[in-house]
Structure formats: C-alpha cells, structure tokens
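# Sequence and computational prediction follow.
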Amino acid sequence: MEESQLLALEEKVEGILDKVSNSTSRKLCYTDDEVALMFNVKKKTLAKYRNEGKLGFVKPANGRVILYKEQHVQDFLDQNEFKAFK
C-alpha cells in the first residue's frame, strides 16, 4: 500500500471512528465486513493481516465469528502510520 493510500485510509477510518464515538450507541466490536469496508480491502486481506499478526481480533466461544475491537483497528492504523515527507 502506498503512503498516500494509507493516509487516505487512516483519515477515512478516523472519520468513521469519530462518528461512532459521538454516537450514543457505541459499538464494542466490528465484524469482518465492517473492517473490510473501513480499510477498503477484501475479507481475505483481513485474514492475511490476522495470520501475519498485524491485526488483532477476538474469536468468541462459538468460534465462527471474528470480531475486531476498536483498539485493534486503531493499533493497526498506528503501526502503519507514516509521517509526511518534507
């Protein structure tokens, strides 16, 4: 992913997270579909990020659903943040 794409993605996710934070019904976790939409990637790419240890996740007792805490999303963005070149 190029730096400009990553910065645009980070801004988009931060905007979404801001909307969620300002909401009275704040979500505790996000689904694969929601995070894939935030990052503008396929669910297969999220699986790759999970397998590489780049993106944290939660797997409830039923083991069928994968969820991402808001902190997992923020940590991923922080790990992939690049400072602008002068």
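On my side now, so go ahead. As the structure is a prediction and not an experimental result, all values here were calculated from the model.
# What residues sit buried inside the helix or strand harbouring residue 8?
Element membership for residue 8 (DSSP states H and E) is helix 3-22. Going by neighbour count (16 or more other CB atoms under 10 Å), the buried part of helix 3-22 is 9-10, 13, 17. Any C-beta I mention is one placed from the backbone N, CA and C, and that applies to glycine too.
# With stretch 31-43 instead?
By 16+ other CB under 10 Å, the buried positions in stretch 31-43 come out as 32, 34-36, 38-39.
# now the helix holding residue 8: mean pLDDT?
Averaging pLDDT along helix 3-22 yields 77.
# which other helices and strands contact it?
In terms of contacts (3 or more CB pairs under 8 Å, 6 or more residues apart in numbering; DSSP states H and E), helix 3-22 is packed against helix 32-39, helix 70-79.
# That one to helix 32-39, inter-axis angle?
Using axes from the mean of the first three to the mean of the last three CA atoms, to 10 degrees, the direction of helix 3-22 lies 120 degrees away from that of helix 32-39.
# closest one to residue 64 among the helices and strands packed on helix 3-22?
With CB to CB, the closest approach to residue 64 among those belongs to helix 32-39: 11.4 Å.
# so how far is that closest one from its chain's centroid?
Centroid separation between helix 32-39 and its chain, computed with CA atoms, centre = their mean, to the nearest Å, is 7 Å.
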